[in-house]
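*Asks:* coordinates for the following, if possible.
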Amino acid sequence: MAKYYAKENLPHYVSTRDTRDRLDIVKASMNLGENFMADRVIYHPGDDCSLHYHEGAYHLFYMLHGEGWVEIDYERYRMKPGSTIVIAPQEVHQFKNDTEENFAFLEYWAPKPTGAVNIVPDDI
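*Replies:* A predicted model of the protein is given here:
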């Protein structure tokens, strides 16, 4: 059942909010089941995401390189290479790169989220 996906064949997205870069590693369209998704995300200097939460999914983040912060339920944590962050369903969170270097992490979802809710509705 082994499957190989070349990087150029994986879905790749660039944010319309800033210069964040997401490469989808595991998606439902790959027919690997509905209970798991994964991406690699790069935040460039100054990039951030909206304050939001996800319905029905745990998030696990593993920092690959660089530094930045994550805010979870209004408490801020410094992310560094090798750190792991776990966010439960409905926990409000946000990421920001406040350095001059890129930071990157692997993001895992279990199960696939049923939705995302922005705290500020127009902040996407």
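*Asks:* okay, and the beta partners of the residue nearest the centre of the chain?
*Replies:* Nearest to the geometric centre of the chain sits residue 107, at 4.8 Å (Cα atoms, centre = their mean). Beta-bridge pairing of residue 107 under DSSP bridges involves residue 39, residue 61.
*Asks:* let's number from 17 now, not from 1
*Replies:* Taking 17 as the first residue, the last one we looked at is residue 123.
*Asks:* where do the strands of this structure begin and end?
*Replies:* For the chain, strands defined by DSSP state E occupy the ranges 28-30, 37-42, 53-59, 68-71, 74-81, 84-88, 91-95, 100-103, 109-112, 119-126, 131-134.
*Asks:* so what does the fifth one touch, helix or strand wise?
*Replies:* Just to be clear, that refers to strand 74-81. With contacts taken as 3 or more Cβ pairs under 8 Å, 6 or more residues apart in numbering; DSSP states H and E, strand 74-81 sits against strand 100-103, strand 119-126. (Each C-beta comes from the backbone N, C-alpha and C, glycine too.)
*Asks:* re earlier: ok, of the strands of the chain, where does mean pLDDT dip lowest?
*Replies:* Mean pLDDT is lowest for strand 28-30 among the strands of the chain, at a mean of 76.
*Asks:* what about residue 107, distance to residue 37?
*Replies:* 24 Å (Cβ to Cβ, to the nearest Å).
*Asks:* looking at these two, which is more packed in?
*Replies:* More neighbours surround residue 37 than the other of residue 107 and residue 37, with 17 against 13 (other Cβ atoms under 10 Å).
*Asks:* thought that one was touching residue 55?
*Replies:* No - assessed by Cβ atoms under 8 Å, residue 37 is found out of contact with residue 55, at 10.1 Å.
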